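Asks: Return a 3D structure for these sequence lines:
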Amino acid sequence: MPLIEPRPSAPLIALSSDFIRAKEYFEAIVASSGDMICTTDVRGRVLYFSPGAEAMLGVPATSAVGRPAHDFYARGREDAAQLMRLLRDSHDGRTRNYEMQLRASGERLLTVSMSVSLLKDARGRVIGTLGVAKDISDRAELERRLREMTRTDDLTGLFNQRHFYERLREEAARARRQKRRLSLILFDLDGFKQVNDRLGHLAGDRILRLFAKAVADRVRREVDLAFRWGGDEFVVLLPETGAAGAARIAKRIAAAARSLGREGVSASWGVAELSPSGRADALVRRADAAMFKMKSAGSLDRRDR
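Replies: Presented below is the predicted three-dimensional model:
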């Protein structure tokens, strides 16, 4: 029986060596990237967690692998569902530069630019996802500060008139859509110009800051919106509040600002509530008319005395 000579093993060895070199080359590229590179299986569990991901989130790969990827998303499953919607709606199974937040160690939140692709096998079946995230927290913070500067009054720290009109349109539309109440208070500082002219702009600025603090301290944080409308006029937007409630708040603010009376300054105010079919700009006009009526009445009282 003839002996069968073994086939040369050199091609197999060469293939193996090429594969190892390619693998090492790929790993070197990934390791050198400061970005987060992560793959998941079809259930959304982490399969690969790059060195850049470890450094960015402060989480070792050994504790990340096997966990649901949404554990690292700021909004958890909600973010995961949004990413999957974007992938399904895309023509190529990819979403690029999606801005979101990730949870890092120490309860930190990082703003990242996330790009995600569906991973498929040779038959075209989806076997998982590949995600690459770049930390843009510094850029996002700078953009936030720039936005804050464009909508905030430098002297008082309240929102400015430009932002007032933006929010008035938004809140009026929301109030109509949800059939909720919306009221507005317009304040004017009586006697301010005379004090400003007599004592100077520094004294005037101090009065404006004191009144702005009285306003900010007596409205609901994250709900009500306070603005310096211009000069010595201030506006407060009160979502889900009727005219009677707005009047009570206006009285509390005016009472808190009575100490300004020592400077020869007092506050007149007017309240208006958005009607179901009313225009947002009419809200300002009606509040201004009510404020002018109070100011005129105060002038008559002083004249009679």
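
Asks: and the nearest residue to residue 180 once chain neighbours are set aside, how many neighbours does it have?
Replies: Leaving aside its chain neighbours, residue 180 sits nearest to residue 240 (5.1 Å; criterion: CB to CB, 6 or more residues apart in numbering). Backbone N, C-alpha and C define where each C-beta goes, glycine included. Neighbour count of residue 240, defined by other CB atoms under 10 Å: 16.

Asks: Contact partners for residue 240?
Replies: By CB atoms under 8 Å, 6 or more residues apart in numbering, the contact list for residue 240 reads 180-182, 223.

Asks: so where's the stretch 201-305 of the chain shaky on pLDDT?
Replies: The stretch 201-305 of the chain contains residues with pLDDT under 70 at 298-305.

Asks: what about residue 174, neighbour count?
Replies: Residue 174: 13 neighbours (other CB under 10 Å).

Asks: Which strand or helix spans it?
Replies: helix 161-178 (DSSP states H and E).

Asks: With residue 59 instead?
Replies: Applying DSSP H and E, one finds residue 59 in no helix or strand.

Asks: swap in residue 38?
Replies: strand 36-41.

Asks: Skip ahead from that strand and say which helix or strand is next.
Replies: Following strand 36-41 in sequence, per DSSP H and E, is strand 46-49.

Asks: Which positions in that next one come out as buried?
Replies: Judged by neighbour count (16 or more other CB atoms under 10 Å), strand 46-49 contains these buried residues: 46-47, 49.

Asks: how about a markdown table for those residues, with pLDDT and distance to residue 133 added?
Replies: Listed next are the buried residues of strand 46-49 as a markdown table, based on pLDDT from 0 to 100; distance: CB to CB, whole Å:
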| residue | pLDDT | distance to residue 133 |
| --- | --- | --- |
| 46 | 95 | 13 |
| 47 | 93 | 16 |
| 49 | 94 | 12 |
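
Asks: one step back: just to be sure, which of the contacts of residue 240 are found in strands?
Replies: residue 182 (DSSP state E).

Asks: Mind giving me the PyMOL select for the contacts of residue 240, buried ones only?
Replies: In PyMOL syntax, the buried subset of the contacts of residue 240 is picked out as below (16+ other CB under 10 Å):
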select buried, resi 181+182
